[in-house]
Structure formats: C-alpha cells, structure tokens
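A.B. asks: coords please:
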Amino acid sequence: MTPQRPLLAILCGGGPAPGINSVISAVTIEARKHGWEVLGIYDGFSHLAKGVLEATPLTIDGVSRIHTEGGSLLRVSRHNPTTRPEEMTRTVDTLLEAGVTHLVTIGGDDTAFTASRVAQEALKGRSTLLRVAHVPKTIDNDLPLPEGIPTFGFETARSLGARLVSNLMVDAKTTGRWYICVAMGRVAGHLALGIGKSAGATVTVIPEEFSGRIPLRHLGDLLVGSIVKRVVAGRNYGVAVVAEGLIEKIRVEDLEAIDSIERDEHGHLRYAEVNFSDVVRRQVASSLKELGLKATLTDKEIGYEVRCAPPNAFDVEYTRNLGFGAFEYLRQGGTHAMVTIQNNRIVPIPLEDLLDPATGKTQIRRVNVESVQYRIAREYMIRLEREDLADPEKLAALAKAARMEPGDFAARFGPVAGI
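C.D. replies: Predicted structure coming up:
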C-alpha cells in the first residue's frame with residue numbers, strides 16, 4: 001500500500017508585512033519539488049477556529065512569481081483561537097481531518113504563541129502528529145530574535161518609511177512647518193527609530209526611553225524643546241517621529257481625558273481607536289500656546305502605507321531563505337520551533353523558548369537604549385540635553401527664544417533634558 005503523501009498547510013496571522021508572498025512561494029516550491037501536497041489556508045486561524053477549512057491547493061506554477069508582490073495571497077487575520085479551548089480543539093481537529101501533517105505559520109508574536117499552542121494541542125490524545133514551524137514576520141521587529149537579526153518585512157517598511165519622512169523633511173523646510181509623524185509599532189520603537197535615523201528626522205521618541213508612565217505634557221514639552229532649539233539655530237521647521245507604542249507610556253488619566261477615546265466591554269481603553277498623532281499635535285500646540293509661541297503643526301500616521309509594499313531586495317532574499325528553511329526543518333522531522341537565519345545557517349528556536357515565564361506570552365524584543373545603534377541615533381537628533389541647560393550662554397538663548405527667564409526655562413524643561 002502506497003503511504004499517503006505529506007500534506008503541508010500554510011497560513012498567515014497578524015497584520016500584513018512585505019515578504020509574506022515570498023515565504024509562501026519558497027515553502028510551496030520546495031514542498032512540491034519533494035512530492036508533498038501544499039494547501040494555502042485563507043484568513044489565518046479565523047475559519048479553522050469555527051471548524052471550517054477555507055483553503056486552496058498551491059502549486060509551483062501558481063506561486064513562482066509572487067515573491068516580488070506585496071500583500072498576502074492567503075490574506076491575513078488577527079483571530080486568536082487560544083482564548084477559547086473549544087476553538088483550539090476545532091482548529092487542530094479541522095487541520096487533522098483535512099489530512100494536514102505539517103503546518104507553516106507566518107506571523108508575529110501573537111501568531112507565534114498560537115502556533116505553540118496548536119503544536120501542544122495536537123499532542124493531546126491524538127494518534128496523528130502535526131508538525132509546526134513558525135516564520136517570524138512583523139514590521140514592528142519585536143519578536144525575540146538574537147540581536148541584529150530583523151523580522152522579515154521590517155527592512156522594507158523602514159526603507160519606505162524613511163523615504164516618506166525624507167519627503168516630509170523637504171516639505172517642512174519648504175513650507176516652514178513641523179510634521180509630527182507617528183510610526184507604527186504596537187509596543188516597541190524599532191520601526192520609529194529605524195525610520196527616523198535613516199531619514200535624518202529632527203527628533204525621534206520611542207517608548208523604551210521611559211521606565212514608567214509619563215504625563216502627556218512631558219511628551220509635548222520634549223517636542224517643544226526640539227522646536228525651541230531649532231528656532232535658536234535659525235530654523236522654523238522640522239520632523240518629529242514618534243513611536244506608536246508611546247501611547248502605553250502615557251498616564252491613563254491623560255488618555256481618559258481625550259474626548260474621542262472609547263472603551264471595550266471590560267471598560268478598558270481602546271488604544272487602537274486613538275488618533276495618537278493628533279493627540280500629540282494638540283498637546284504640542286497647547287504647550288506652545290502657553291509660551292506664546294507659534295508653529296505650524298501637521299500630524300501624519302505612518303504604517304498602513306508600508307505594510308503591503310512590495311518587498312525590497314533584502315526581504316525577498318531573506319524570506320526565500322526563511323521559507324526554504326521552514327520546509328527543510330519540517331522535512332527533517334522538526335516541529336514546534338521558529339525558523340531563523342543566523343550566521344548564514346538555518347537555526348530553529350523552540351517555540352517554548354520564545355515565551356515569557358512570567359506571562360506565558362511571547363516575549364517582546366524592545367530597543368536596547370544602551371546599544372551603540374541607539375547612542376548614535378541620539379547624537380544626530382535635535383533635542384534638549386543636559387549640557388544645553390548647564391551652559392549659561394545656551395540656556396539664555398533658549399530662554400529668550402521661548403520668551404522665558406532662564407531659571408523658569410530650566411525648571412520647565414529640565415525633566416525632558418534628563419535633569
């Protein structure tokens with residue numbers, strides 16, 4: 001009797017990121033070359049959690065040229081089946097009933113966690129083993145990979161985001177205005193810092209700078225300090241890049257005062273519903289008004305424009321390597337791991353090693369503010385520093401531009417200068 005050929009399924013969770021189609025293409029081509037069947041599952045775990053298989057067979061001819069395309073052939077979904085035991089059971093049962101023997105998940109921290117749970121669930125009282133490999137995808141770059149190794153999609157998002165901010169820098173200079181750009185990044189500041197540093201933005205602010213929650217006014221004063229310092233240098237324009245993750249660093253009572261903010265069924269603030277760039281712009285405008293200063297401020301969100309962009313050459317090559325590595329790992333009998341490329345070698349990281357022992361969730365890689373990369377980024381920003389307030393001549397010039405007495409200026413802006 002001829003043994004059944006392996007059936008490999010591919011699905012994408014979370015949000016879009018450049019390079020998804022390249023992973024799908026590489027996995028499919030390698031699996032088909034080895035005589036495996038390949039199934040593309042639509043919309044992440046959303047249909048599986050209902051016990052429904054929404055899928056399509058994938059062939060070499062069908063995927064051979066999609067590696068340069070943005071978006072996702074299989075679409076994406078953030079549906080999380082781990083919150084309900086019955087959904088986890090239906091997810092695994094639906095895969096096994098369809099004959100799936102191997103699963104490649106493509107996604108960020110949430111999808112990695114779900115992949116880990118799927119692998120565990122498949123071992124519960126079932127005779128069929130479901131082998132699982134995860135491919136790290138997110139423009140946030142916040143999965144716990146070794147230092148210096150990006151998640152796929154990040155480099156394309158940074159490159160395109162930097163071009164957008166560079167254009168705004170020219171517009172700011174031409175029109176004499178300030179742009180406040182909020183860069184996507186749910187918790188960590190990798191994308192904001194990468195965009196700001198690459199574009200030469202005037203100032204970039206990320207959540208990792210702050211150990212605890214801060215008043216919204218503190219963030220406003222930090223940016224006003226940059227505006228005043230630019231005025232002293234004879235420039236009335238600039239671009240500030242602010243990480244989206246800063247919203248979780250703002251005091252809750254300050255966010256509660258925002259008229260447009262909504263709450264969920266548990267009474268928690270819906271951060272996703274906050275137009276954070278507008279919130280920051282209004283706070284900066286309020287702080288400037290207190291000082292009797294004027295500046296033309298325009299807010300801009302950067303994120304959705306970069307998520308479905310065609311991958312750049314780095315991400316095309318990187319994702320092809322990751323897709324090849326994911327299939328090779330499964331073919332060799334591996335399971336329950338995230339596939340990475342380290343020192344030109346395919347290195348699987350066990351999914352359980354990604355979890356935070358305290359929370360049971362996937363660990364978040366944050367920007368290391370002690371690193372040389374961050375230190376260099378700070379060197380090229382225009383923001384108030386300790387030495388600006390310690391030098392009487394500099395302090396006098398800053399105070400004059402802000403229409404304040406030197407002592408009052410130092411008292412007001414000392415906290416944002418680290419004093």
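
A.B. asks: If you count contacts, what does the helix-or-strand element of the chain with minimal mean pLDDT end up packed against?
C.D. replies: Sorting the helices and strands of the chain by mean pLDDT, DSSP states H and E puts helix 252-256 at the bottom, at a mean of 83. Packing contacts for helix 252-256, counted by 3 or more Cβ pairs under 8 Å, 6 or more residues apart in numbering; DSSP states H and E, involve helix 216-232. Heads up, the C-betas are built off the backbone N, CA and C, glycines and all.

A.B. asks: So what does residue 346 look like in phi/psi?
C.D. replies: Here is the backbone geometry of residue 346 (degrees, to the nearest 10): phi -80, psi 120.

A.B. asks: Could you measure from it over to residue 323?
C.D. replies: To residue 323, residue 346 is 11 Å away according to Cβ to Cβ, to the nearest Å.

A.B. asks: ok, those two, which is more surrounded?
C.D. replies: residue 323 (28 against 17; other Cβ atoms under 10 Å).

A.B. asks: any idea how far residue 306 is from residue 159?
C.D. replies: Counting by Cβ to Cβ, the gap from residue 306 to residue 159 is 9 Å.

A.B. asks: between the two, which one's more packed in?
C.D. replies: Remark: of residue 306 and residue 159, residue 306 carries more neighbours, 27 against 20, as counted by other Cβ under 10 Å.

A.B. asks: Can you name the residues that contact the nearest residue to the more buried one once chain neighbours are set aside?
C.D. replies: Nearest residue to residue 306, sequence neighbours excluded (Cβ to Cβ, 6 or more residues apart in numbering): residue 157, at 4.1 Å. The contact partners of residue 157, by Cβ atoms under 8 Å, 6 or more residues apart in numbering, come to 17-18, 139, 184, 191, 306-307, 309.

A.B. asks: Now the least confident helix or strand of the chain: buried residues?
C.D. replies: Under the neighbour-count criterion of 16 or more other Cβ atoms under 10 Å, helix 252-256 has 254-255 buried.

A.B. asks: and if you look at stretch 81-97?
C.D. replies: So stretch 81-97, judged by 16+ other Cβ under 10 Å, has buried residues 81-82, 87-88, 90-92, 94-96.

A.B. asks: which residue is nearest the middle of this protein?
C.D. replies: In the chain, the residue lying closest to the centroid (Cα atoms, centre = their mean) is residue 140, at 1.6 Å.

A.B. asks: Which residue is the nearest non-sequential neighbour of that residue?
C.D. replies: Counting by Cβ to Cβ, 6+ apart, the residue nearest residue 140 is residue 185, at 4.9 Å.

A.B. asks: Which helix or which strand is home to the residue nearest to residue 306?
C.D. replies: Residue 157 belongs to helix 154-175 when assigned by DSSP states H and E.

A.B. asks: Please pull up the helix or strand immediately following that helix.
C.D. replies: Beyond helix 154-175 toward the C-terminal end (DSSP H and E), the next one is strand 178-183.

A.B. asks: and whichever helix or strand comes after that following strand, what does it pack onto?
C.D. replies: Sequence-wise, the next helix or strand downstream of strand 178-183 (DSSP H and E) is helix 190-199. Applying 3+ Cβ pairs under 8 Å, 6+ apart, one finds that helix 190-199 makes contact with helix 154-175, strand 178-183, strand 203-205, strand 238-243, helix 372-379.

A.B. asks: Please identify the most buried of the ones you listed.
C.D. replies: Comparing the helices and strands packed on helix 190-199 by mean neighbour count (mean count of other Cβ atoms under 10 Å), strand 238-243 ranks first with a mean of 28.

A.B. asks: so how many other residues sit close to residue 153?
C.D. replies: Neighbours of residue 153 using other Cβ under 10 Å come to 31.

A.B. asks: Tell me the secondary structure at the nearest residue to it once chain neighbours are set aside.
C.D. replies: Closest residue to residue 153 apart from its sequence neighbours, by Cβ to Cβ, 6+ apart: residue 17 at 2.9 Å. Judged by DSSP: H, G, I helix; E, B strand; the rest coil, the three-state class of residue 17 is coil.

A.B. asks: Next one, pLDDT for residue 17 please.
C.D. replies: pLDDT, residue 17: 97.

A.B. asks: sorry, back to before: now, which of the buried residues of stretch 81-97 sits nearest residue 169?
C.D. replies: Ranked by distance to residue 169 (Cβ to Cβ), these are led by residue 82 at 42.7 Å.

A.B. asks: Please identify which helix or strand holds the nearest residue to that closest one once chain neighbours are set aside.
C.D. replies: The shortest distance from residue 82 to any non-neighbouring residue, by Cβ to Cβ, 6+ apart, is to residue 117 (4.9 Å). Assigned by DSSP H and E, residue 117 belongs to helix 109-121.

A.B. asks: Could I get the average pLDDT for that helix?
C.D. replies: Helix 109-121 comes out at a mean pLDDT of 91.

A.B. asks: repeat for stretch 132-142
C.D. replies: 96.

A.B. asks: again, but for stretch 66-81
C.D. replies: On average, stretch 66-81 scores 96.

A.B. asks: For that stretch, buried residues please.
C.D. replies: In stretch 66-81, counting by 16+ other Cβ under 10 Å, buried: 66-67, 69-77, 79-81.

A.B. asks: Show me what secondary structure element comes after the least confident helix or strand of the chain.
C.D. replies: Once the chain leaves helix 252-256, the next helix or strand it forms, by DSSP H and E, is helix 276-291.

A.B. asks: Now that next one: buried residues?
C.D. replies: Buried, per 16+ other Cβ under 10 Å, within helix 276-291: 276-277, 279-285, 287-288, 291.

A.B. asks: show me what contacts the residue nearest to residue 153?
C.D. replies: 137-139, 151-154, 157, 307.

A.B. asks: just checking, the residue nearest to residue 82 touches residue 89?
C.D. replies: No - counting by Cβ atoms under 8 Å, residue 117 does not reach residue 89; the two are 11.0 Å apart.

A.B. asks: Next one: residue 260, what pLDDT does it get?
C.D. replies: Per the predicted model, pLDDT is 59 at residue 260.

A.B. asks: Break the protein into its domains for me.
C.D. replies: Annotated domains of the chain cover 7-152+311-354, 159-306, 385-414 [automatic domain parsing].

A.B. asks: which parts of the last one are buried?
C.D. replies: When burial is assessed from 16+ other Cβ under 10 Å, domain 385-414 yields the following buried residues: 385, 388-389, 394-395, 397-399, 401-402, 404, 406, 409-410, 412-413.

A.B. asks: distance between the ends of it?
C.D. replies: The first and last residues of domain 385-414 sit 9 Å apart, counting by Cα to Cα, to the nearest Å.

A.B. asks: Fine by me, we can end here.
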